[in-house]
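[1] when you get a sec, could you give me coordinates for this:
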Amino acid sequence: MKDFSVFNLTKKLVVRYSNQQAVLPLDIQQKIDVYWNELIQNGKSYKRGEVFTVTKKEKSEDHIEILVEKTDYAHYLYSQDVGDLGECNVRIIHTAALVVSADGKVIFGEMGDQTSRAGVIQLCGGGIDNDDLRGDIFDFEYNITKELQEELGIDVTDVNRVAELKCAYFKEGGPTDKMTVVYRVELTETAEEFVRKYETFVKKLSKKRKQSEFGKIITLSLIKADIASFFQKNKKCDEYMEPLFNFLVK
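    Okay, the predicted model is just below:
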């Protein structure tokens, strides 16, 4: 396992699609297929959609360029759940939103029972997909804007709610060596005001027969003692969460 690394993202980030499909050795593909079929036979209703995996990362004085190729959700799930594929494990790059209220609390959540990550505590965000592509470059701001609207009901163009949106931090390393591109979202409202608006958002989803991604909303002060206590009590957090929060208060 590589050590966690979190840093301020001061260079331009370019994530480029190689226009290549991952080609796996036959024995590895067979293991993935068997695992996927078992999940489906046991009642999982997952879709075997596209997933992008990192193949290369290069740094220069003014930018970071990352190259990805396409694989699928079965390959990703096997890598996450079993993880014995060595160099063939999926290494994803995804967005996350550090939503900070006007009273200094970070807003995030616990994934709902209907999701593939039920019970996992994480920031709003998600993986990249074809919808985020502009030519062969991924539009990460579009991705996180979409996720904020879909998961938290936050419209980043609403200046009455959002004071600032900026690409702020980058995390890599850890058990799966996933890359996390973290946007900082400064709200003009308190955490309590946000929660009230979120409850209204969930009710609107329910009327459309939809469920929110988060089964529970959590607010946490950016205070070192509070953060240490939270992660001591909550072990089912996405791997980037504790390193990121520790970086913020170190």
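
[2] alpha carbons only for contacts and neighbour counts from here, please
    Fine.

[3] ok, residues contacting whichever strand or helix holds Glu38?
    Using DSSP states H and E, Glu38 sits in helix 26-41. Helix 26-41 is contacted by residues 46, 74-75, 78, 85 when judged by C-alpha atoms under 8 Å, 6 or more residues apart in numbering.

[4] just the CA atoms of stretch 38-51, as PDB, please.
    These are the backbone C-alpha positions of stretch 38-51, laid out as PDB (Å, rounded to 0.1, in the frame of the first residue of the first chain):
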ATOM      1  CA  GLU A  38     -22.400 -14.000  -8.500                       C
ATOM      2  CA  LEU A  39     -23.400 -10.400  -7.500                       C
ATOM      3  CA  ILE A  40     -26.200 -10.300 -10.100                       C
ATOM      4  CA  GLN A  41     -27.500 -13.800  -9.200                       C
ATOM      5  CA  ASN A  42     -27.500 -12.700  -5.500                       C
ATOM      6  CA  GLY A  43     -29.900  -9.900  -6.300                       C
ATOM      7  CA  LYS A  44     -27.700  -6.900  -7.000                       C
ATOM      8  CA  SER A  45     -29.100  -4.600  -9.700                       C
ATOM      9  CA  TYR A  46     -25.800  -3.000 -10.700                       C
ATOM     10  CA  LYS A  47     -25.200  -1.800 -14.200                       C
ATOM     11  CA  ARG A  48     -22.000  -2.700 -16.000                       C
ATOM     12  CA  GLY A  49     -21.300   0.800 -17.200                       C
ATOM     13  CA  GLU A  50     -18.000   2.500 -18.100                       C
ATOM     14  CA  VAL A  51     -15.300   3.300 -15.500                       C
END
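
[5] ok so, going back, need the buried ones from the contacts of helix 26-41 selected in PyMOL.
    One line in PyMOL is enough to select the buried ones among the contacts of helix 26-41; burial here means 16 or more other C-alpha atoms under 10 Å:
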select buried, resi 74+75+78
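
[6] out of the contacts of helix 26-41, the closest to Leu187 would be?
    Distance ranking of the contacts of helix 26-41 against Leu187, using C-alpha to C-alpha, places Tyr46 first at 33.9 Å.

[7] ok, the closest one - contacts?
    Tyr46 touches 40, 116, counting by C-alpha under 8 Å, 6+ apart.

[8] the same query, at a cut-off of 10 Å, please.
    36, 39-40, 73-74, 115-116 (C-alpha atoms under 10 Å, 6 or more residues apart in numbering).

[9] would you check which pair of the residues you listed lies furthest apart?
    Longest span within those, C-alpha to C-alpha: Trp36 and Thr115, 16.3 Å.

[10] more neighbours: which of these two?
    Trp36 (20 against 16; other C-alpha atoms under 10 Å).

[11] so is the residue nearest to Ser116 when sequence neighbours are not counted in a helix, a strand, or just coil?
    Leaving out its chain neighbours, the residue that sits closest to Ser116 by C-alpha to C-alpha, 6 or more residues apart in numbering is Tyr46, at 7.7 Å. Using DSSP: H, G, I helix; E, B strand; the rest coil, the structure places Tyr46 in coil.

[12] then Arg91?
    The three-state label given to Arg91 by three-state DSSP is coil.

[13] let's see the pLDDT reported for it.
    If you check Arg91, the pLDDT there is 95.

[14] equivalent analysis for Thr115, please.
    Value for Thr115, per-residue pLDDT: 86.

[15] check contacts around it.
    Here Thr115 is in contact with 45-46, 211-215 (criterion: C-alpha under 10 Å, 6+ apart).

[16] let's see that with 7 Å instead.
    Glu213 (C-alpha atoms under 7 Å, 6 or more residues apart in numbering).
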